[in-house]
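K.L.:
Structure for this input, please:
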Amino acid sequence: MHSNTSRRSFLQAAGAAVGAAAIASPSALASTQVANLGEDAALLARAYGALHPGLYRYNSPAQMDARFAALHNSLSAPRSLSDTYLAFARITAAVRCGHSYPNFYNQTDAITAALFDGRSRLPFLFRWIGERMIVTRDLSGAGLEPGTEIHSIERIEAKRLLSSLMPFARADGHNDAKRRRILAVEGIDRFQAFDIYMPMLWPQLVSRGKVAVFATRPGRPPRRIDLALMTPAERLAAVPPIDTKPKDAALWSLDRKPDGIACLTMPSWSVYNGSWDWRAWLEARLDEIATDGTRGLIIDLRGNEGGLDCGNPILARLIEREIAPVVNARRVRARRVPDDIRPHVDTWNKQFYDWGGRATGPRGDGFYDLATSDDDANGGMTIRPAGKRFGGKVVVLTDASNSSATFGFAQVVKSGRLATLIGQTTGGNRRGINGGAFLFLRLPASGIEVDIPLIGYFPPGAQPDAGIVPDIVVEETPFDIAAGLDRTMSVAMRAAVGRDGS
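P.N.:
Down below sits the predicted model:
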């Protein structure tokens with residue numbers, strides 16, 4: 001269940017002369033009125049209707065028809081590029097699929113410069129705890145200590161900002177914890193949803209190049225603080241994200257903690273484009289802890305949306321007999337991409353244009369069952385014991401970021417009782433998610449790209465509209481952030497040495 005964000009570099013150089021890229025300057029491009037947008041709305045409706053496997057998982061056909069009709073009406077007259085981008089973000093978010101959105105990483109250089117650049121970045125990192133904006137790191141030098149609560153920005157209440165942005169945030173089903181998580185600013189990725197959508201939705205907040213915030217710092221009375229906004233380059237220099245590391249850089253670490261505990265920190269499984277041999281690195285570390293007397297292993301997946309199924313080598317060290325964790329049916333909406341859509345899409349694998357004999361059907365519900373590329377009766381997803389088995393206690397730390405491959409890993413771990421899950425409920429959705437293969441739809445009038453996941457994963461029976469609930473739920477508080485306390489890790493340390501009562 002691969003994340004589309006792992007294909008970030010695929011279209012960055014593609015389509016540079018498409019649509020709006022012909023306009024001279026980035027500043028003009030953002031506000032220039034784009035014509036013929038009804039064509040884009042019609043193409044998006046046609047492509048999603050023909051190919052998106054989760055279009056009606058959380059919406060009825062009548063509901064989506066009404067949404068697309070409203071989109072077409074709203075784009076019947078010329079609109080600015082920023083308003084158009086927001087319109088596409090809103091309707092794709094309404095599908096309630098965590099892999100459907102106008103992908104930040106797949107836009108042309110011209111659109112990226114026009115919509116994502118500029119002095120519009122807040123000079124601090126933060127998380128949402130409920131509806132409260134809590135600073136986790138100050139980049140301003142203005143004394144915004146971790147734990148500071150930002151009550152308002154330019155007199156707009158923080159909770160109002162959050163509420164206005166939620167309809168644009170991608171997530172599966174009604175898992176709003178994932179939406180709040182994706183609207184945090186934590187420096188994990190080069191592009192972050194809050195940074196993209198907030199300036200377009202609230203341009204008046206960033207128009208001065210600085211903002212006045214009303215904040216309460218730990219142990220101090222509320223006060224107004226004036227902050228200079230940052231450019232994307234300044235933010236990236238202050239907080240280099242994972243995807244700016246060298247191609248051969250190790251993305252994970254194995255740290256030794258007291259009481260014979262090892263902590264494997266894996267902030268991302270998006271390892272497609274690098275030259276780092278992640279599997280060799282991981283197998284070597286797993287060999288170490290299996291033979292050196294390590295009592296417990298903590299696997300920290302917090303902040304990790306997914307990527308490759310990097311958890312499978314870990315699972316192979318925890319099981320005594322083979323397991324077939326993926327029981328979800330794999331289905332696609334069409335055996336091949338319709339001819340009228342084909343000129344407008346790209347991808348990295350030509351098989352995605354035409355599944356051929358791998359897609360059997362159609363079924364009574366119109367879907368096609370999708371086989372895998374091998375003869376394994378369990379869909380090629382069987383995991384067999386391999387390597388030196390780790391016999392110690394295993395704890396996995398989760399949060400709402402875990403929504404693709406990491407969601408699947410958490411699901412296998414919990415269903416097989418292979419480890420103790422600790423933290424917050426995952427992203428993703430037990431009702432099924434979409435992913436695995438993608439097309440990148442370039443809308444010709446605007447030049448905006450929108451991702452289309454092609455494979456739907458459907459559980460064998462009715463499931464709740466929710467993520468995976470950990471065995472031990474730990475909620476973070478502003479006081480923890482202010483004190484520098486990682487409460488989830490503290491609970492995990494006790495559990496890893498058998499002090500959690502399990």
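K.L.:
P232 against L115, yeah?
P.N.:
No: here P232 does not reach L115: they are 11.2 Å apart, not a contact under CB atoms under 8 Å. Every residue, glycine included, has its C-beta placed from N, CA and C.
K.L.:
Please parse this structure into its domains.
P.N.:
Annotated domains of the chain cover 4-117, 124-242, 244-441+453-496 [automatic domain parsing].
K.L.:
mind checking how far D451 is from A89?
P.N.:
11 Å (CB to CB, to the nearest Å).
K.L.:
ok, now V185?
P.N.:
Distance of V185 to A89, computed by CB to CB: 17 Å.
K.L.:
Likewise for P459?
P.N.:
From P459 to A89 the distance is 28 Å (CB to CB).
K.L.:
do R430 as well
P.N.:
Taking CB to CB, one finds R430 at 25 Å from A89.
K.L.:
Compare these two and say which is more crowded by neighbours.
P.N.:
Neighbours were counted for R430 and for A89 using other CB atoms under 10 Å; A89 has more, 24 against 20.
K.L.:
Quick check: which element contains that one?
P.N.:
Following DSSP states H and E, one finds A89 within helix 81-94.
K.L.:
Beyond that helix, next helix or strand please.
P.N.:
Toward the C-terminus from helix 81-94 - assigned by DSSP H and E - lies helix 109-116.
K.L.:
Can you report how many residues lie near S270?
P.N.:
S270: 25 neighbours (other CB under 10 Å).
K.L.:
sorry, that was for S80
P.N.:
S80: 15 neighbours (other CB under 10 Å).
K.L.:
I'd guessed it sits against L86; true?
P.N.:
No: applying CB under 8 Å as the test, S80 and L86 come out as separate, 9.4 Å apart.
K.L.:
E320: what's it in contact with?
P.N.:
With contact set as CB atoms under 8 Å, 6 or more residues apart in numbering, E320 has these partners: P385, R389.
K.L.:
Retrieve the pLDDT associated with it.
P.N.:
Note on E320: pLDDT of 92.
K.L.:
Kindly report the same for Y85.
P.N.:
Reported pLDDT for Y85: 98.
K.L.:
same deal with N378?
P.N.:
pLDDT, read off for N378, is 37.
K.L.:
Tell me how far G357 lies from N312.
P.N.:
Applying CB to CB to G357 and N312 gives a distance of 27 Å.
K.L.:
Neighbour count for those two, which is higher?
P.N.:
Neighbour totals were compared for G357 and N312, and N312 leads with 18 against 7 (other CB under 10 Å).
K.L.:
Where does the prediction get shaky in the stretch 301-450 of the chain?
P.N.:
325-326, 373-381 (pLDDT under 70).
K.L.:
where do the helices sit along it?
P.N.:
312-318, 405-416 (DSSP state H, counting those that start in this stretch).
K.L.:
Who are the packing partners of the last one?
P.N.:
Right, the one you point to is helix 405-416. helix 312-318, strand 393-398, strand 420-423 (3 or more CB pairs under 8 Å, 6 or more residues apart in numbering; DSSP states H and E).
K.L.:
Just put these in TSV and tack on distance to L439.
P.N.:
Listed next are the helices and strands packed on helix 405-416 as TSV, based on distance: least, CB to CB, whole Å:
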stretch	distance to L439
helix 312-318	26
strand 393-398	30
strand 420-423	33
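K.L.:
Would you tell me which of these gets closest to V95?
P.N.:
strand 393-398 (24.4 Å; CB to CB).
K.L.:
before we move on, the earlier item: for the domains of the chain, which one sits closest to G447?
P.N.:
In terms of CB to CB, the element of the domains of the chain nearest to G447 is domain 4-117, at 2.6 Å.
K.L.:
any idea how far that closest one is from the chain center?
P.N.:
18 Å (CA atoms, centre = their mean, to the nearest Å).
K.L.:
now stretch 439-446
P.N.:
The answer for stretch 439-446 is 21 Å, by CA atoms, centre = their mean.
K.L.:
who are the neighbours in contact with L397?
P.N.:
Per CB under 8 Å, 6+ apart, neighbours of L397: I298, I299, D300, L301, R302, I422, G423, T488, M489, A492.
K.L.:
go again using 7 Å as the cut-off
P.N.:
Contacts for L397 (CB atoms under 7 Å, 6 or more residues apart in numbering) come out as I298, I299, D300, L301, R302, I422, G423, T488, A492.
K.L.:
Quickly note the distance from the closest residue to G209 other than its chain neighbours to A482.
P.N.:
Counting by CB to CB, 6 or more residues apart in numbering, R119 is the residue found nearest to G209 once chain neighbours are left out, at 4.7 Å. Distance, R119 to A482, by CB to CB: 29 Å.
K.L.:
now do L43
P.N.:
49 Å.
K.L.:
cool, and P385?
P.N.:
45 Å.
K.L.:
Comparing these two, which residue is more hemmed in?
P.N.:
Using other CB under 10 Å as the criterion, P385 and A482 rank with A482 on top: 18 against 14.
K.L.:
Which strands or helices does the helix or strand harbouring the more buried one pack on?
P.N.:
According to DSSP H and E, A482 maps onto helix 478-483. When contacts are defined as 3 or more CB pairs under 7 Å, 6 or more residues apart in numbering; DSSP states H and E, helix 478-483 sits against strand 132-138.
K.L.:
mean confidence score for the strand it packs on?
P.N.:
According to the model, strand 132-138 has a mean pLDDT of 97.
K.L.:
following it, which helix or strand shows up next?
P.N.:
Later in the chain than strand 132-138, the nearest helix or strand by DSSP H and E is strand 149-153.
K.L.:
Give me the secondary structure label for Y457.
P.N.:
State at Y457, reduced to three classes by DSSP: H, G, I helix; E, B strand; the rest coil: strand.
K.L.:
oh sorry, the question was meant for R224
P.N.:
strand.
K.L.:
Tally up the residues packed near P240, please.
P.N.:
Neighbourhood size, P240 [other CB under 10 Å]: 12.
K.L.:
Next, the contact list for the nearest residue to S74 once chain neighbours are set aside, please.
P.N.:
Nearest residue to S74 in three dimensions, chain neighbours excluded: A87, at 6.1 Å (CB to CB, 6+ apart). Counting by CB under 7 Å, 6+ apart, A87 touches L71, S74, L75.
K.L.:
now for the helix or strand I298 falls within, which elements pack on it?
P.N.:
I298 is located in strand 296-300, with elements delineated by DSSP H and E. With contacts defined as 3+ CB pairs under 7 Å, 6+ apart, the packing partners of strand 296-300 are strand 261-265, strand 393-398, helix 487-496.
K.L.:
ok, and for the last one, which residues are buried?
P.N.:
Same thing as helix 487-496. Neighbour counts over helix 487-496 (16 or more other CB atoms under 10 Å) mark R487, T488, M489, V491, A492, M493, A495, A496 as buried.
K.L.:
ok, the nearest residue to P464 once chain neighbours are set aside - contacts?
P.N.:
Leaving aside its sequence neighbours, P464 sits nearest to R430 (CB to CB, 6+ apart; 5.6 Å). Counting by CB under 7 Å, 6+ apart, R430 touches P459, Q463, P464, A466, I468.
K.L.:
can you check A334 too?
P.N.:
Contacts of A334 (CB under 7 Å, 6+ apart): A50, L51.
K.L.:
Phi first, then psi, for it.
P.N.:
In terms of degrees, to the nearest 10, the main-chain angles of A334 are phi -150, psi 150.
K.L.:
hang on, H99 packs against D451?
P.N.:
Yes: counting by CB atoms under 7 Å, D451 is a contact partner of H99 at 6.4 Å.
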